[in-house]
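**Student:** coords below, sequence missing:
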């Protein structure tokens, strides 16, 4: 676990270290989920489905199967 010290600027702005931005592919306008949990603040990058697919490219076949199953389940639900 690496630790970083960051300053909170005017209006609550915080600059994430470049190493973290690169590691998690955080760019301008990337949404981040902020969780307040037991005295800790947790930031989690929020990715779109397309971005997640790119991240998990080694698991493409499994993801395709899951998407296919979800699609079939929705078709069944819609026809009931």
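**Tutor:** Great, that's in hand. Everything quoted here is computed from the prediction, not taken from an experiment.

**Student:** next helix or strand past the helix or strand of the chain with the lowest mean pLDDT?
**Tutor:** Counting by mean pLDDT, DSSP states H and E, the chain has its least confident helix or strand at helix 49-55, which shows a mean of 64. Downstream of helix 49-55, the first helix or strand assigned by DSSP states H and E is helix 60-79.

**Student:** and stretch 36-48, how far out from the chain's middle?
**Tutor:** 10 Å (C-alpha atoms, centre = their mean, to the nearest Å).

**Student:** start to end distance for that stretch?
**Tutor:** Stretch 36-48 stretches 22 Å from its first residue to its last (C-alpha to C-alpha, to the nearest Å).

**Student:** mind listing what's buried along that stretch?
**Tutor:** residue 45 (16 or more other C-beta atoms under 10 Å). (C-beta placed from N, C-alpha, C; glycine too.)

**Student:** so what's the residue positioned nearest the centre of the chain up against?
**Tutor:** Centroid-nearest residue in the chain: residue 46, 3.0 Å away (criterion: C-alpha atoms, centre = their mean). By C-beta atoms under 8 Å, 6 or more residues apart in numbering, residue 46 lies in contact with 30-33.

**Student:** next: residue 4.
**Tutor:** Taking C-beta under 8 Å, 6+ apart, one finds 17, 20 in contact with residue 4.

**Student:** same deal with residue 44?
**Tutor:** Residues in contact with residue 44, defined by C-beta under 8 Å, 6+ apart, are 32-33, 35.

**Student:** now do 10 Å
**Tutor:** Residues in contact with residue 44 (C-beta atoms under 10 Å, 6 or more residues apart in numbering) are 24, 31-35.

**Student:** follow-up on the earlier one: list phi and psi for the residue nearest to the centre of the chain.
**Tutor:** Residue 46 adopts backbone torsions of phi -100, psi 120, taken as degrees, to the nearest 10.
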